[in-house]
Structure formats: C-alpha cells, structure tokens
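*Asks:* Return atomic coordinates for the entry below.
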Amino acid sequence: MKKILVVDDKPSMSQLMVRFLQTSFEVTTKEDGLQAISWLQSGNIPDIILTDLQMPNMDGIELIKRIKESGYFNDVPIIVLSSQESSNVRVECLKLGAEDYIMKPFNPEELMIRIERLIK
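*Replies:* Just a heads-up that it's a prediction; the model follows:
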C-alpha cells in the first residue's frame with residue numbers, strides 16, 4: 001500500500017485527511033515540519049507528502065526547502081494544501097519544488113486524482 005505523510009497543525013484537517021485517504025493509502029500525520037523531518041530521518045519514506053503552510057515550529061515553506069535540499073527525500077512529491085490565496089506564495093512553493101498547490105477548502109475527489117497522478 002502506498003504511503004502518504006500529511007503535515008498539518010489542525011487535528012480536524014488531519015483527521016479528515018485520514019478518513020478520506022485511508023481506504024487507498026497508509027496515512028501518517030504530523031503536526032508541523034519539525035515532526036515531519038524527524039519522522040523522515042527515522043527512515044520513513046512516503047510516496048507523497050501533503051503539507052499545510054502555516055504551522056508552528058517549522059512552516060510548510062521551510063519543510064519544502066529541507067526536503068528538496070536533501071539528497072535522500074528530494075524525489076518525494078509534495079502537494080501544498082493551503083488557505084493562502086496569494087499568487088506569490090503559490091509561485092514560491094512551486095519554485096522550491098512542490099509539485100502542486102491546492103487551495104483549502106478543496107474537493108476531495110480532485111485531491112485524490114492529483115495524488116494518483118503524482119505517485120504512478
């Protein structure tokens with residue numbers, strides 16, 4: 001079963017993602033970028049990462065930078081799920097290496113299609 005790492009500081013969003021994705025994927029959740037990096041460095045390699053941007057300790061922008069700079073995890077696709085509408089933020093995420101940027105609230109079916117396309 002393919003693995004997804006969901007990084008979001010809001011438990012309600014993480015729980016929603018688990019409920020929606022667990023039928024097709026093994027889902028792990030972390031509350032911020034620091035927890036996500038620690039989990040990755042413990043030898044866990046997901047097939048895709050879904051991350052929020054606004055989080056305590058380490059935000060999504062810094063998480064993308066760290067993952068894409070690492071030789072070990074830089075092939076893992078990243079989808080940003082954020083309520084930030086700024087075009088500048090979207091462009092920054094894509095320039096840093098995120099494969100996709102989806103605005104919250106989002107259509108779960110659309111998210112599933114985008115995930116499936118990236119992990120084939």
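*Asks:* Look up how far residue 71 lies from the residue most central in space within the chain.
*Replies:* The residue lying closest to the centre of the chain (Cα atoms, centre = their mean) is residue 50, at 1.7 Å. Separation of residue 50 from residue 71 (Cβ to Cβ, to the nearest Å) stands at 22 Å. The way it works is simple: take the backbone N, C-alpha and C, and place the C-beta from them, glycine included.
*Asks:* follow-up on the earlier one: check whether the residue nearest to the centre of the chain really touches residue 5, as I assumed.
*Replies:* Yes. Between residue 50 and residue 5 there is a contact at 7.2 Å, judged by Cβ atoms under 8 Å.
*Asks:* in this structure, which spans are strands?
*Replies:* 3-7, 26-30, 48-51, 78-82, 100-103 (DSSP state E).
*Asks:* Report the contact partners of the nearest residue to residue 112 once chain neighbours are set aside.
*Replies:* Using Cβ to Cβ, 6 or more residues apart in numbering and skipping the chain neighbours, the partner closest in space to residue 112 is residue 24 (7.4 Å). Contacts for residue 24 (Cβ atoms under 8 Å, 6 or more residues apart in numbering) come out as 1, 2, 112.
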